[in-house]
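[1] Need a 3D model of the following:
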Amino acid sequence: MLKLADFFHLPQVDTFLEQLTHDGPGLAVVAGLDLRSGEGFLPSGRSTIFRILMREILAANPDAHCVVVTRAKDAVRVPRAFQRRTMVMTVRPFDEYQAIMAEAARRRPDLLVLDTLDADNAALALAAAAAGLRVLSQVDSVFRGAGVARHLLDLGVSRAELQHLAWIISVQRQPALCLDCKLPYTPDAAQLNRLLALLPQSEIEPDHQPVYYRAVGCPACEGSGRKGDVLVFDIFRGDPGAPNVLEQPSLLPAEDYVLGLAVRGYLPLGDVLHFESEQFHRTYKLLVASERALADSHAALERRVAELEVAHNVLQQRTKALISLQDIGQALISSDDLDALAVQVCWRARDLCGADRAILYYLRDGDQAEVLALQGWDPALLHTRLPAEDVFRAGVAAGPVPYDAWPPGTTPRPPDVEGARLRAGLYVPLLAQEQHVGVMIVHSTHQNRFEPGEVALLQTFANQAAVAIQRAGLVEDLREKIAELEAA
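    Numbering: from 1, shown residues only. Below you'll find the model as predicted:
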């Protein structure tokens with residue numbers, strides 16, 4: 001379990017945080033930006049400091065009871081030692097945040113912890129502080145000190161409510177100097193004057209300058225001159241009697257803190273001289289990274305919407321096809337004209353699977369196959385009879401199988417002569433009561449394969465078509481026999 005002592009920090013931090021842990025009512029906020037996307041950015045360490053402060057406050061007050069209000073159960077991890085005196089209230093998606101906060105305040109806890117401050121709860125947190133509660137929370141912000149107070153105004157807090165803002169602990173992580181290759185550095189007169197101008201309140205003695213360091217680079221730090229990182233604090237304490245909390249300076253400004261780190265050899269002097277400009281540059285990079293992440297998310301969302309639209313259209317087509325299969329089946333069963341039925345079967349088959357050519361062979365007398373119908377092939381083939389063994393494949397599965405040849409009875413021709421290339425084909429046996437009734441062969445000249453859904457629809461349709469063709473064939477045979485009897 002991490003403690004503040006596990007991080008290097010200036011001794012002033014211990015003094016101020018000791019005051020915070022024993023302080024009275026008011027809102028204490030830990031501020032920092034933990035970027036959720038983007039490369040090259042150090043997380044601020046805000047969440048870690050937030051958890052440490054919560055633990056330190058409870059440890060310093062052994063009789064204190066705590067209520068945690070959070071949107072995610074795991075967002076605030078309560079240490080095992082304090083779980084018995086801590087109640088966790090989870091705000092579910094459809095809960096009223098105001099009602100949950102009212103219930104939490106009604107319990108009058110010694111410490112009220114909110115997982116994060118936002119537009120939904122910032123004013124409620126300060127209202128709880130105004131009612132005499134001690135409130136601890138954290139906020140995602142690039143600002144520090146009084147700048148965080150201005151950020152709270154953007155979250156819907158009034159200036160009057162800011163009187164109950166007790167502490168702001170702003171944190172960020174800064175790449176530290178490599179201890180293996182850093183070299184002492186003496187600032188020139190211009191740098192020293194700039195240092196005095198930037199930090200007029202700091203204890204800088206022009207005649208007794210400390211030793212500063214600069215980054216060099218070595219194999220240990222891969223030539224960067226930096227290795228590891230160090231926390232930078234900015235500590236602000238609100239004064240209820242001050243005329244304008246937005247104009248209050250920090251007790252320990254981040255600029256002074258960075259200077260203290262530079263004096264101790266953790267940061268180069270350049271980080272002190274360019275601290276403010278680096279903050280602007282860092283904020284700019286964060287904004288660019290956020291815009292890029294937003295653009296990527298938008299593009300991914302557009303792709304997902306397009307995929308869903310395609311899937312929706314396919315689903316609509318499949319649903320429509322499935323619904324119509326019943327109607328088709330009824331129409332097929334009601335027809336007893338074998339030739340007309342075969343034409344309808346070819347046409348429906350093309351429509352279901354997206355083929356542009358189809359041919360249907362009907363098994364006659366057990367040894368001959370007759371072309372009963374065709375679509376996209378030479379009409380002269382109609383009613384052509386072929387040996388059954390040329391059409392019906394031995395050992396073929398009951399369902400559709402890929403077919404890469406020209407249909408039996410047709411004359412293969414080069415694509416430039418035919419005017420198209422056969423790209424995908426299916427051989428579809430027509431079986432009724434496990435008996436061969438016929439075969440249908442479909443081709444596409446514009447798609448490279450038939451989708452599994454199209455094949456499944458074609459199989460379902462072929463089962464219905466086979467029964468209808470068998471029935472129509474029997475009716476035709478019966479008519480022929482009746483005609484023969486009447487002629488006799």
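
[2] tell me the contacts of the residue lying closest to residue 401 once chain neighbours are set aside?
    Distances taken as Cβ to Cβ, 6 or more residues apart in numbering place residue 427 nearest to residue 401, at 5.2 Å, with adjacent residues excluded. (Glycine included, C-beta is placed from N, CA and C.) Residues near residue 427 by Cβ atoms under 8 Å, 6 or more residues apart in numbering: 393, 396, 400-403, 439, 441.

[3] export those to TSV and tack on neighbour count?
    Converted to TSV, those look like this (neighbours: other Cβ atoms under 10 Å):
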residue	neighbour count
393	13
396	15
400	23
401	14
402	11
403	19
439	25
441	25
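
[4] Which strand or helix spans the residue nearest to residue 401?
    Under the criterion of DSSP states H and E, residue 427 resides in strand 424-432.

[5] who does that strand pair up with?
    strand 401-402 (antiparallel), strand 435-444 (antiparallel) (DSSP bridges).

[6] roughly how far out does the first one sit from the chain middle?
    Centroid separation between strand 401-402 and its chain, computed with Cα atoms, centre = their mean, to the nearest Å, is 39 Å.

[7] same check, this time on stretch 253-268
    That offset, for stretch 253-268, works out to 39 Å (Cα atoms, centre = their mean).

[8] Now do it: everything it contacts.
    Here stretch 253-268 makes contact (Cβ under 8 Å, 6+ apart) with 8, 10, 12, 144-145, 170, 172, 174, 176-177, 179, 182, 185, 195, 198-199, 201-202, 204, 210-215, 225, 230, 232-234, 269, 271-272, 275-276.

[9] Who is the residue nearest to residue 401 paired with across the strands?
    Under the criterion used (DSSP bridges), residue 427 bridges to residue 401, residue 441.

[10] separation between it and residue 402?
    8 Å (Cβ to Cβ, to the nearest Å).

[11] Kindly report the same for residue 217.
    63 Å.

[12] Now do the contacts for residue 247.
    residue 146.

[13] Okay, it and residue 103: tell me how far apart.
    Using Cβ to Cβ, we find residue 247 at a distance of 36 Å from residue 103.

[14] how about the contacts of residue 427, which pair is most distant?
    Across the contacts of residue 427, no pair lies farther apart than 402 and 439, at 14.4 Å, counting by Cβ to Cβ.

[15] Off-centre distance for stretch 297-310?
    On Cα atoms, centre = their mean, the centre of stretch 297-310 falls 12 Å from that of its chain.

[16] Just say helix, strand or coil for residue 224.
    Following DSSP: H, G, I helix; E, B strand; the rest coil, we place residue 224 in the coil state.

[17] thinking it is in contact with residue 178, fair?
    Yes: with contacts defined as Cβ atoms under 8 Å, residue 224 counts as touching residue 178 at a distance of 7.4 Å.

[18] shared neighbours, the two?
    Common contacts of residue 224 and residue 178 (Cβ under 8 Å, 6+ apart): 215, 217.

[19] More neighbours: the two, which one.
    Neighbours per residue, other Cβ atoms under 10 Å: of residue 224 and residue 178, the larger number sits with residue 178, 21 against 14.

[20] quick one: contacts for residue 139?
    29-31, 116-118, 148, 151-152.

[21] And those residues, which two are furthest apart?
    Spatially, the most separated pair among these is 30 and 118, at 14.3 Å (Cβ to Cβ).

[22] who has more neighbours, those two?
    Legend: neighbour count by other Cβ under 10 Å for residue 30 and residue 118, higher for residue 30 (27 against 16).

[23] Which secondary structure state is assigned to the more buried one?
    In three-state terms, and counting by three-state DSSP, residue 30 is strand.

[24] Residue 171 - nearest residue in space that isn't next to it in sequence?
    Nearest to residue 171 is residue 32, by Cβ to Cβ, 6+ apart, at 4.6 Å.

[25] Which parts of the stretch 251-400 of the chain are strands?
    Taking DSSP state E, counting those that start in this stretch as the criterion, the stretch 251-400 of the chain carries its strands at 357-364, 368-375, 385-387.

[26] Deepest-packed of those strands, please.
    Mean neighbours per residue, mean count of other Cβ atoms under 10 Å, is largest over those for strand 357-364, with a mean of 23.

[27] any idea how far the residue nearest to residue 120 when sequence neighbours are not counted lies from residue 67?
    Ranked by Cβ to Cβ, 6+ apart and with sequence neighbours excluded, the top spatial neighbour of residue 120 is residue 97, at 4.9 Å. According to Cβ to Cβ, residue 97 and residue 67 sit 14 Å apart.

[28] out of these two, which sits in the more crowded spot?
    It is residue 67, of residue 97 and residue 67, that has more neighbours when counted by other Cβ under 10 Å, with 22 against 15.

[29] Give me the packing partners of the host helix or strand of that one, helices and strands only.
    Element membership for residue 67, per DSSP H and E: strand 66-70. Contact here means 3 or more Cβ pairs under 8 Å, 6 or more residues apart in numbering; DSSP states H and E; on that basis strand 66-70 packs against strand 86-90, helix 97-106, strand 111-114.

[30] Neighbours of residue 437, how many?
    Residue 437: 22 surrounding residues under other Cβ under 10 Å.

[31] List the contacts of it.
    Residue 437 sits next to 362-363, 430-431, 466, 469-470, 473 when contact means Cβ under 8 Å, 6+ apart.

[32] With residue 406 instead?
    Residue 406 sits next to 412, 422 when contact means Cβ under 8 Å, 6+ apart.

[33] That one and residue 420: what is the separation?
    Taken as Cβ to Cβ, the span from residue 406 to residue 420 is 12 Å.

[34] ok, back up a step: closest one of the contacts of residue 139 to residue 51?
    Closest approach between the contacts of residue 139 and residue 51, by Cβ to Cβ: residue 30, at 9.3 Å.

[35] Wait, that closest one touches residue 51, no?
    No: applying Cβ under 8 Å, one finds residue 30 not in contact with residue 51, separated by 9.3 Å.

[36] And the pLDDT for the residue nearest to the spatial centre of the chain?
    The centroid of the chain falls nearest to residue 297 when counting by Cα atoms, centre = their mean (7.6 Å). Note for residue 297: predicted pLDDT of 86.

[37] Distance check, it against residue 93.
    Taking Cβ to Cβ, one finds residue 297 at 20 Å from residue 93.

[38] Please apply the same query to residue 99.
    Distance from residue 99 to residue 93, counting by Cβ to Cβ: 14 Å.

[39] circling back to that earlier point, next, the buried residues of the strand holding residue 427.
    By 16 or more other Cβ atoms under 10 Å, the buried positions in strand 424-432 come out as 424-432.

[40] JSON lines for those, including distance to residue 285?
    Formatted as JSON lines, the buried residues of strand 424-432 follow (distance: Cβ to Cβ, whole Å):
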{"residue": "424", "distance to residue 285": "52"}
{"residue": "425", "distance to residue 285": "57"}
{"residue": "426", "distance to residue 285": "57"}
{"residue": "427", "distance to residue 285": "62"}
{"residue": "428", "distance to residue 285": "61"}
{"residue": "429", "distance to residue 285": "65"}
{"residue": "430", "distance to residue 285": "68"}
{"residue": "431", "distance to residue 285": "68"}
{"residue": "432", "distance to residue 285": "72"}
